[in-house]
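> here you go, sequence then predicted model.
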Amino acid sequence: MAGVGRGPEKPRFGEPCNGCGYCCALQPCAIAQEYLGAEDVGPCPALLFDHQDDRFRCGMVVSPTRFMFLPPDAEADLILGTMFAEMLAVGRGCDSEDFAAPETEEPAHG
Ligand code: SF4
Ligand code: SF4
């Protein structure tokens, strides 16, 4: 199964998301394109690697103010991060088709 060179390998479509980062490395989502001005081709600028858990996380869920260039604000991070997590359907399984793995370099943030 595909992976992006670090972290876990991509699970099959529909299986629980394990933070492999494949989808975000391949193509920034609508949130990244709308709020971060990301291009249609990855990796997403908000793709974070969590060294402690050896997996990727979404920066727009973990620390949206950082990636939106807003002043640090824990309460805003919580509100915005929760909203983005709901929009992304975090925790509802892998919604990325099973194609070949994209080539990636080290994430810009992490
Ligand atoms: S949705 Fe799928 S491809 Fe994207 S990070 Fe989760 S497991 Fe990986
Ligand atoms: S905003 Fe988050 S979910 Fe969307 S592509 Fe970037 S890292 Fe992935």
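Received, thanks. Residues are numbered from 1 along each chain as shown. Ligands and ions are numbered 1, 2, ... in the order given.
> gap between the residue of the chain most remote from its centre and ligand 2?
The C-alpha centroid of the chain is most remote from P71, which lies 21.3 Å away (CA atoms, centre = their mean). Between P71 and ligand 2 the computed distance is 20 Å (CB to the nearest ligand atom, to the nearest Å). C-beta here means a position set from N, CA and C on the backbone, and glycine is covered the same way.
> now do the contacts for that residue.
Neighbouring residues of P71 by CB atoms under 8 Å, 6 or more residues apart in numbering: T65.
> wait, C24 sits on P43?
Yes - C24 lies in contact with P43 (CB atoms under 8 Å); the separation is 6.5 Å.
> which of the two has more residues huddled nearby?
C24 (30 against 23; other CB atoms under 10 Å).
> show me what the residue nearest the centre of the chain bridges to in the sheet.
In the chain, the residue lying closest to the centroid (CA atoms, centre = their mean) is C58, at 3.5 Å. Note on C58: beta-bridge partners by DSSP bridges are L47.
> touching, it and L88? I think so.
Yes - counting by CB under 8 Å, C58 touches L88, with 6.6 Å between them.
> quick one on the thing from earlier: doesn't the residue farthest from the centre of the chain fall inside a helix?
No - secondary structure of P71 (DSSP: H, G, I helix; E, B strand; the rest coil): coil, not part of a helix.
> and it, what pLDDT?
Note on P71: pLDDT of 97.
> and it, how far is that from G21?
Counting by CB to CB, to the nearest Å, the separation of P71 from G21 is 28 Å.
> and the strands in the chain, which stretches?
47-50, 55-58 (DSSP state E).
> closest one to R12 among these?
strand 55-58 (16.8 Å; CB to CB).
> is there proximity between that closest one and ligand 2?
Yes - looking at strand 55-58 against ligand 2 by CB under 6 Å from any ligand atom, the contacts come from C58.
> how far does that strand sit from the chain's center?
In terms of CA atoms, centre = their mean, to the nearest Å, the centre of strand 55-58 is found 6 Å from the chain centre.
> give me the contacts around that strand.
4, 7-8, 18-21, 24, 46-50, 84-85, 88, 90, 107.
> please save the CA atoms from it in PDB.
Taking Å, rounded to 0.1, in the frame of the first residue of the first chain, the C-alpha atoms of strand 55-58 are listed here in PDB:
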ATOM      1  CA  ARG A  55       2.100  10.500  11.700                       C
ATOM      2  CA  PHE A  56       0.900  13.600   9.900                       C
ATOM      3  CA  ARG A  57      -1.700  16.000  11.300                       C
ATOM      4  CA  CYS A  58      -3.700  18.900   9.700                       C
END
